[in-house]
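*Asks:* any chance you could fold what I've pasted below:
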Amino acid sequence: MPTYNAEGVVVRVRDLNDTDKVLHILTREYGKLRCVAKAARRPKSRFTPAAQLFNHLQFQAYTGRNLDTLTQVEILSSFPGLREDLVRIAAATYACELVDEMAQERQPLEPVFALLLTALRLLGTPEMPVEPVLRGYELKLLALMGFQPVLTGCLACGAPVEGSEVYFSPGAGGVVCRRCAPEAGALRVLPRAAVEAMRFLLEGDLRRAHVLRYSPEVGSSMARALEQYLEYRLERRLRSLDFLQQVMDTAGR
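*Replies:* Okay, here's the model as predicted:
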């Protein structure tokens, strides 16, 4: 496909040289692409407005050996609601970095594209709470990428996991029963309500994440468990996660 048209979301922006930028774009049609936006570092370039994180684009590009090059671009949405709130900016930045890290180039990922677009729309809605949207996004993205955590029974023996507290193994990839826990490696002890909330978010519509109500303890337990699980899968900690946590702590959310 020497020249092609695609719809995508900008998930990363980096400088290429003194004038150009490289955009990592998660597309509906072709998965993640890396495209050069010529002269996008210059204020008057026609590509400068489009070369912004989160932008939802319709674009044309031609295929290069290592990088593709944008030739035409239309901004379908810039999610202005996102850009008016620092917590939402941080949350969307994290969502974009996470999918950029997990997606392979030119691997068709239309369900992942749809999930990201939905998450950005929800995060850009002022009345939508940020935390359940992010937890649902993390869980659904893991599932779509083949890393869905086991939450319905012990991942080792299949037995029901009973009690008010549940063992979760980030390394093994889910919950374990008390009998199998010693063999499962590093563990977190989660309130049962946290596991039930994770199941609700994983199995339900992300657009309904806001109906879930849980205590700060449950929210913190979910966040830490998924943080450790993602770090194990990615083999590193995402830079945007520290920024997100700092911003949320400052805002008291």
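*Asks:* from here on, just use CA atoms for contacts and neighbour counts.
*Replies:* Noted.
*Asks:* for stretch 23-42, the distance to its chain's centre please.
*Replies:* Averaged C-alpha coordinates place stretch 23-42 at 18 Å from its chain's average position (Cα atoms, centre = their mean, to the nearest Å).
*Asks:* one more: stretch 7-21?
*Replies:* That offset, for stretch 7-21, works out to 19 Å (Cα atoms, centre = their mean).
*Asks:* what's next to it, contact-wise?
*Replies:* By Cα atoms under 8 Å, 6 or more residues apart in numbering, the surrounding residues in contact with stretch 7-21 are 22-29, 36-42, 51-59, 93, 96-97, 99-100, 113, 117.
*Asks:* can you list the buried residues in it?
*Replies:* By neighbour count, and taking 16 or more other Cα atoms under 10 Å as the criterion, the buried residues in stretch 7-21 are 7, 8, 9, 10, 11, 12, 13, 20, 21.
*Asks:* among the contacts of stretch 7-21, which ones are in helices?
*Replies:* Among the contacts of stretch 7-21, the ones falling in helices (DSSP state H) are 93, 96, 97, 99, 100, 113, 117.
*Asks:* ok, the fourth one to residue 200 distance?
*Replies:* Counting by Cα to Cα, to the nearest Å, the gap from residue 99 to residue 200 is 22 Å.
*Asks:* which one of these two is surrounded by more residues?
*Replies:* Remark: of residue 99 and residue 200, residue 99 carries more neighbours, 21 against 16, as counted by other Cα atoms under 10 Å.
*Asks:* could you measure from that one over to residue 230?
*Replies:* 11 Å.
*Asks:* again with residue 188
*Replies:* In this structure, residue 188 and residue 230 are separated by 14 Å, where distance is defined by Cα to Cα.
*Asks:* do the same with residue 53
*Replies:* Going from residue 53 to residue 230 by Cα to Cα gives 22 Å.
*Asks:* the more surrounded of these two?
*Replies:* Set side by side, residue 53 and residue 230 give different neighbour counts by other Cα under 10 Å, the larger being at residue 230 (23 against 20).
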